[in-house]
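J.: from the sequence below, what's the structure:
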Amino acid sequence: MAFRLASLRKLTAASLLLVQIRNARAAQNVVLLADKTSHFLQPAGAVRFSSGNTSNDEVTKAQQAKFTGQETIFSKIINKKIPADILYEDSECLAFSDVNPQAPVHFLVIPKKVIPMLSMATESDQLLLGHLLLVAKTTADKLGLSKGYR
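T.: Numbering: from 1, shown residues only. Below is the predicted model:
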């Protein structure tokens with residue numbers, strides 16, 4: 001895997017950086033620790049990284065809550081405790097616009113059933129997982145994404 005040296009700017013000591021690395025087999029999240037003067041090797045195929053306030057970082061909160069049953073940002077959206085631009089909803093899932101879009105049109109489709117990690121899905125989730133894909137396609141069609149999407 002090819003690597004390139006990336007410089008980190010204006011980070012406080014021990015800032016958490018979430019780096020999403022894509023490889024041929026699967027995508028996985030890697031949390032790196034860095035101080036304000038460090039450099040790190042970033043895979044050339046890395047999609048994005050963000051440094052945030054670790055105490056308010058929703059990704060970190062979600063990672064910590066996934067096995068404890070604590071509320072996540074997604075459960076709060078499903079339960080309407082926080083506002084969201086809802087594009088589609090049924091008894092099994094919810095589609096909504098991303099609050100920090102990475103593309104001109106960026107939406108998420110999430111199941112209402114808690115499945116913390118895809119590796120924890122069971123055979124009984126087969127119909128639900130297929131339904132999520134069909135809702136994504138239908139929502140994309142309604143938004144006029146006729147030239148493809150990912």
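J.: ok, whichever strand or helix holds residue 95: who's next to it in the sheet?
T.: Assessed by DSSP states H and E, residue 95 sits inside strand 93-97. With DSSP bridges as the test, strand 93-97 is paired with strand 86-89 (antiparallel), strand 107-111 (antiparallel).
J.: now the first one: buried residues?
T.: Same thing as strand 86-89. For strand 86-89, the neighbour count (16 or more other CB atoms under 10 Å) marks residue 87 as buried. The C-beta positions use only the backbone N, C-alpha and C, and glycine is treated the same way.
J.: alpha carbons only: can I get it in CSV?
T.: Extracted C-alpha coordinates of strand 86-89, given in CSV (Å, rounded to 0.1, in the frame of the first residue of the first chain):
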residue,chain,number,x,y,z
ILE,A,86,-36.2,13.4,6.7
LEU,A,87,-36.4,12.3,3.1
TYR,A,88,-38.2,8.9,3.7
GLU,A,89,-39.5,7.0,6.7
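J.: show me the contact partners of it.
T.: Under the criterion CB atoms under 8 Å, 6 or more residues apart in numbering, residues 94, 95, 96, 97, 107, 109, 135, 138, 139, 142, 143 lie in contact with strand 86-89.
J.: residues in contact with the fourth one?
T.: Right, residue 97. 84, 85, 87, 106, 107.
J.: name the member of the residues you listed with the most neighbours.
T.: residue 107 (20 neighbours; other CB atoms under 10 Å).
J.: please tell me how far the closest residue to that residue other than its chain neighbours sits from residue 117.
T.: Nearest non-adjacent residue to residue 107, counting by CB to CB, 6 or more residues apart in numbering: residue 97, 5.1 Å away. Distance from residue 97 to residue 117, counting by CB to CB, to the nearest Å: 24 Å.
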